[in-house]
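**Student:** Structure of the sequence below:
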Amino acid sequence: MGNSMTCIDCCCGLRQKNQCCWPCINCCTLKKPFYNYDGSEIVEPMVANVKPRRKKVHKPFLKGMTLTMAEREVGMDAPGQISAILKYAEENNLKARAVGTGSSWSGLITVRDILIDMGNLNQILQVKRNEEDPSIYHVTVEGGKTVRELNAELDKYYQLGLAAMGNYDGQSIAGVCSTSTHGSLIGAPTMSNFASAYHLIIAGGIQVTVRKPRPGEADEPFDSVGKRVQSANYGDDPVDIVSSDIYCAVAVGLGSLGVIYSVTLDCRKIFNISERRLPIKLELPDPHSHEDFVLPDKIKELYNTHGKFFSVFINMFPRKHCCSSRRYVKAVYMEGDEVEQDGCCQSDVCLSCQCCCCSGCRGQSGCQFLQTDCSASCLQSCGYCCPTCLPGIADCGLDIFSRKQPYIQKWYNVLRFTDGNIHIRTAEYCLPRDMLELALDETFKLLNYYADTHNMYTLLPTYVRFVDADDLYLSPANRHRPDGSTCDEYCYVEVPFLPGSYAMNEFHRALEDLLFEKCQARPHWSKNNFLNYNRVVELYPKLDEWKRVFLLFNRATTFDNHFTRYCGFDYFHREAAGQQSQIVTSQPVQGVKGATTLQHPYAVDE
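**Tutor:** Residues are numbered from 1 along each chain as shown. The predicted structure follows:
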């Protein structure tokens, strides 16, 4: 599902409205809705769905928009077009949000009036070598470019790459940075920290550039920045901001601080990774004892090795040993190291075929024909018909992932697990690394409780990755903990579901509550979450610092939407104006089919 069809999955884009059987009324209207990554979230802007273009525009492109003589004669470039849209929105009291590929499920892109589709803005603007550190290259890229496109172009034309990335590369660069997406490199922070500068267009169409101070450079105080931004006018040159305060807010801005036109990323020379994927059994404690779940020393040793690429897949459904009543779960851990040599085959044709006999191909787990919604439906049917087969079905996936021969390829081919043909829906939680065993134990118990009691389950393994802490105000890996302590090392626990899984939202809601209570875990912003104002306040001690920038850059409430409302960000405006207003303290109850379109009435706690 999504915005386009694929030749592999005939259900793409059709399942939500049963369009494979019945015509859709949308085909007969001039306004086309925007569907997110899996089609479960629909955005229907009432005013316009605008796609800024790279070439200059000389005419108004919104009803009632007026342009200056200079704008008509000289034309508006891409940042100028976005500025004009946001100026128009402020003048007419409209709401606007930007969208890349829609790779989220949390309502970030929902908007009432104007949706700004950044898909056309996908060019690399500049590549510049760092003068102080020649190993670093500053690559300025437009925010609508996807990670996949960026990786391919950096490799082909510049022989450069990022330090790490996630297991899916279909997101836009602006989306990755705005939501603190992360990779699997031990010792590396989230990908928002890979950006050293941003070019934003904020409320009123004011353009700003934000970057963190270089060593020895003055850090501009917030009050000084505020005065300059408030005195800026539409059409002025971008306001250049060198401030840690502003950078730490903008780096995880959640689309609520403005429209990101371009991002400057810190890149390095291209490199290869040699990956090993080995199976392992994780012993479970006796359910009648008071033992704690403990990871093997081998696993702990690996995720404490700085500079190693490491992650773990765990099948949470247990099996019994042949000669014992004790139980275990199967897992596959992936460890990778940077290497200079190539695999024995590096051709694109071989990558597409995914042959199992050479070290340059991923093997069975990379077969894209198996990674479709149709194959997911078949597996779901097998699970419903024979629940006792669940451990075996899940183990089959792990067996496909395990591989004796090393996989040696370019870094982005190794770290990418899927091309996005299967529309997995997932939730992910960030917690201190020393709480990992507790979190896995609680997740295991809850998954098996739902499977035994409600016949509700996931056939996909739980996925664990590791990151270093950072200082970005709304990063889930922010080093400041809710209890006042600090943490330097975090882990992410991800619980995915195949498309069409029954009651996945209800399970994710229960797991989020449980991990919040036990570990003060922070949900990933763009994945399935049920955050509300009270919980955001408790989880993010630096929220007040972020709020100052939110009020400055979103002064006309232009970027407010359902997401900002249930997170309580809308209340900041009324609070600053001395007004009283009821705070929404929970998200709306979502439908049985898992639709996340946020509509009135809101469920408000008494």
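
**Student:** Is residue 331 part of a helix or strand, or is it coil?
**Tutor:** Here residue 331 is strand, with the state taken from DSSP: H, G, I helix; E, B strand; the rest coil.

**Student:** Wait, it touches residue 283, no?
**Tutor:** No. Under the criterion of CB atoms under 8 Å, residue 331 makes no contact with residue 283, lying 11.0 Å away. Placement of C-beta: from N, CA and C, glycine included.

**Student:** if you count what's nearby, which of these two comes out ahead?
**Tutor:** Each of residue 331 and residue 283 has its neighbours counted (other CB atoms under 10 Å); residue 331 has more, 23 against 15.

**Student:** For the closest residue to that one other than its chain neighbours, give me its contacts.
**Tutor:** Nearest non-adjacent residue to residue 331, counting by CB to CB, 6 or more residues apart in numbering: residue 314, 4.4 Å away. The contact partners of residue 314, by CB atoms under 8 Å, 6 or more residues apart in numbering, come to 282, 329-331, 440, 461-464.

**Student:** Give me the distance between residue 314 and residue 332.
**Tutor:** 8 Å (CB to CB, to the nearest Å).

**Student:** what do the two both touch?
**Tutor:** With CB under 8 Å, 6+ apart as the test, residue 314 and residue 332 both reach residue 461.

**Student:** After the longest helix along the chain, which helix or strand is next?
**Tutor:** The single longest helix within the chain, with elements called by DSSP state H, is helix 436-454. For helix 436-454, the following helix or strand on the C-terminal side (DSSP states H and E) is strand 462-468.

**Student:** That following strand vs helix 436-454, what angle?
**Tutor:** Comparing the axes of strand 462-468 and helix 436-454 via axes from the mean of the first three to the mean of the last three CA atoms, to 10 degrees yields an angle of 160 degrees.

**Student:** pLDDT (mean, whole number) over strand 462-468?
**Tutor:** For strand 462-468, mean pLDDT rounds to 96.

**Student:** immediately after that strand, which helix or strand?
**Tutor:** Next helix or strand after strand 462-468 toward the C-terminus (DSSP H and E): strand 489-497.

**Student:** Show me the contact partners of that following strand.
**Tutor:** By CB under 8 Å, 6+ apart, strand 489-497 touches 182, 303, 424-434, 436, 439-440, 443, 447, 458, 460, 462-469, 476-477, 504, 507-508, 511, 515, 521, 524, 527.

**Student:** same question, stretch 226-240
**Tutor:** For stretch 226-240, using CB under 8 Å, 6+ apart, the contacting residues are 68, 79, 83, 87, 199, 202, 204-209, 241, 552-553.

**Student:** got a pLDDT number for residue 544?
**Tutor:** 96.

**Student:** which stretch of helix or strand covers it?
**Tutor:** Under the criterion of DSSP H and E, residue 544 resides in helix 543-553.

**Student:** burial count for the nearest residue to residue 214 once chain neighbours are set aside?
**Tutor:** Using CB to CB, 6+ apart and skipping the chain neighbours, the partner closest in space to residue 214 is residue 132 (7.6 Å). Residue 132 is flanked by 8 other residues according to other CB under 10 Å.

**Student:** could I have the helix holding residue 544 exported to PDB, CA atoms only?
**Tutor:** What follows is helix 543-553, C-alpha atoms only, in PDB (Å, rounded to 0.1, in the frame of the first residue of the first chain):
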ATOM      1  CA  LEU A 543      10.900  20.000  26.800                       C
ATOM      2  CA  ASP A 544      10.900  23.600  28.100                       C
ATOM      3  CA  GLU A 545      14.000  24.300  26.000                       C
ATOM      4  CA  TRP A 546      12.400  22.900  22.900                       C
ATOM      5  CA  LYS A 547       9.200  24.800  23.700                       C
ATOM      6  CA  ARG A 548      11.000  28.200  23.500                       C
ATOM      7  CA  VAL A 549      12.100  27.400  19.900                       C
ATOM      8  CA  PHE A 550       8.600  26.000  19.000                       C
ATOM      9  CA  LEU A 551       7.000  29.300  20.100                       C
ATOM     10  CA  LEU A 552       9.600  31.300  18.200                       C
ATOM     11  CA  PHE A 553       9.500  29.400  14.900                       C
END
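
**Student:** residues near residue 286, how many?
**Tutor:** Neighbours of residue 286 under the rule other CB under 10 Å: 11.

**Student:** residue ranges with poor pLDDT in the stretch 51-200 of the chain?
**Tutor:** Within the stretch 51-200 of the chain, no range satisfies pLDDT under 70.

**Student:** so where do the strands sit in the stretch 301-450 of the chain?
**Tutor:** With strands called from DSSP state E, counting those that start in this stretch, the stretch 301-450 of the chain shows them at 309-314, 319-320, 327-339, 403-410, 425-432.

**Student:** Kindly present those as TSV, with separate columns for mean pLDDT and distance to residue 568.
**Tutor:** Compiled in TSV, the strands of the stretch 301-450 of the chain are given as follows (pLDDT from 0 to 100; distance: least, CB to CB, whole Å):
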stretch	mean pLDDT	distance to residue 568
strand 309-314	94	33
strand 319-320	83	45
strand 327-339	92	38
strand 403-410	85	43
strand 425-432	95	20
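
**Student:** Serialize the ones you listed to JSON lines and add fields for distance to residue 177.
**Tutor:** Converted to JSON lines, the strands of the stretch 301-450 of the chain look like this (distance: least, CB to CB, whole Å):
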{"stretch": "strand 309-314", "distance to residue 177": "21"}
{"stretch": "strand 319-320", "distance to residue 177": "41"}
{"stretch": "strand 327-339", "distance to residue 177": "24"}
{"stretch": "strand 403-410", "distance to residue 177": "22"}
{"stretch": "strand 425-432", "distance to residue 177": "16"}
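
**Student:** Nearest to residue 39, out of the ones you listed?
**Tutor:** Closest to residue 39 of those is strand 425-432 (CB to CB; 10.8 Å).

**Student:** what are the pairing partners of the closest one, and which direction each?
**Tutor:** Within its sheet, strand 425-432 is paired with strand 489-497 (antiparallel), strand 522-523 (antiparallel), according to DSSP bridges.

**Student:** which of these sits most buried?
**Tutor:** Most buried of these by mean neighbour count (mean count of other CB atoms under 10 Å) is strand 522-523; its value is a mean of 26.

**Student:** how far out from the middle of the chain is it?
**Tutor:** On the basis of CA atoms, centre = their mean, to the nearest Å, strand 522-523 sits 12 Å off its chain's mean C-alpha point.

**Student:** tell me which residues in stretch 183-193 are buried?
**Tutor:** Residues of stretch 183-193 classed as buried by neighbour count (16 or more other CB atoms under 10 Å): 183-186, 188-193.

**Student:** re earlier: which of the contacts of residue 314 sits closest to residue 140?
**Tutor:** The closest of the contacts of residue 314, once distances to residue 140 are taken by CB to CB, is residue 463, at 32.0 Å.

**Student:** Pull up the per-residue confidence for the spatially closest residue to that closest one that is not a sequence neighbour.
**Tutor:** Nearest residue to residue 463 in three dimensions, chain neighbours excluded: residue 494, at 4.2 Å (CB to CB, 6+ apart). We have a pLDDT of 97 for residue 494.

**Student:** Now do the longest helix of the chain: everything it contacts.
**Tutor:** 284, 292-295, 314, 316-318, 329, 387, 390, 429, 431, 456-458, 462, 464, 491, 493, 495, 503, 507, 510-511, 514-515, 518-519, 521.

**Student:** Going by neighbour count, which of these are buried?
**Tutor:** By 16+ other CB under 10 Å, those give 284, 293, 295, 314, 316-318, 329, 390, 429, 431, 456-458, 462, 464, 491, 493, 495, 503, 507, 511, 514-515, 519, 521 as buried.

**Student:** about what we covered before: need the contacts of residue 314 in a markdown table (columns: distance to residue 562).
**Tutor:** Formatted as a markdown table, the contacts of residue 314 follow (distance: CB to CB, whole Å):
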| residue | distance to residue 562 |
| --- | --- |
| 282 | 40 |
| 329 | 38 |
| 330 | 40 |
| 331 | 38 |
| 440 | 33 |
| 461 | 32 |
| 462 | 29 |
| 463 | 28 |
| 464 | 31 |
